[in-house]
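Asker: Provide a 3D model corresponding to the input given below.
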Amino acid sequence: MGTTAGILRWTPRVICILAILFVSMFALDAFAPGLTIWQQLTALFVHLIPSFFLVVLLAIAWRWELTGGVAFIVVGLLLSLPIFLRNYRMNHSVLMSLVIILAITFPFVLAGVLFVLSHRLRSRDVSAG
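Answerer: Numbering: from 1, shown residues only. A predicted model of the protein is given here:
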């Protein structure tokens, strides 16, 4: 495996791991004063459901780059509009809402594209060899 193929193979995986960790940080708001430990743990679990889903997608993409890559692209694009609208209703700023989209969904779309490119490069190398 050449240097380019190695970089293209590992970059989307690292991006996904970092993006999932970033999304998971939002679950920390489950810890609120006045709630019992069980209420807090239940809220934490519920807040982490999107992260669990993304970890499953990453496992799929890790094994089947094309399938996982397409899934990450679709999920990232589908979630962009509702996240944008929710944030726009809160802050009434198109620019701020776009920045939030770039921070939350763009890494998954980018990783998806890189998974697809890695798959294509690997497929081309196998068929050429």
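
Asker: show me what the one helix or strand residue 4 maps to is packed up against.
Answerer: Taking DSSP states H and E as the definition, residue 4 sits inside helix 3-25. Using 3 or more C-beta pairs under 8 Å, 6 or more residues apart in numbering; DSSP states H and E as the contact criterion, the elements in contact with helix 3-25 are helix 49-63, helix 94-104, helix 106-128. In short, each C-beta sits where N, CA and C put it, glycine included.

Asker: show me what contacts residue 108?
Answerer: Contact analysis of residue 108 by C-beta atoms under 8 Å, 6 or more residues apart in numbering lists 16, 19, 54, 72, 73, 75, 76.

Asker: buried residues in the helix-or-strand element of the chain with minimal mean pLDDT?
Answerer: When the helices and strands of the chain are compared on mean pLDDT, DSSP states H and E, helix 106-128 comes out lowest with a mean of 91. By 16 or more other C-beta atoms under 10 Å, the buried positions in helix 106-128 come out as 106-119, 121-122.

Asker: could you check how far the residue nearest in space to the middle of the chain is from residue 58?
Answerer: Centroid-nearest residue in the chain, with C-alpha atoms, centre = their mean: residue 108, separated by 3.9 Å. In this view, residue 108 and residue 58 are 10 Å apart by C-beta to C-beta, to the nearest Å.
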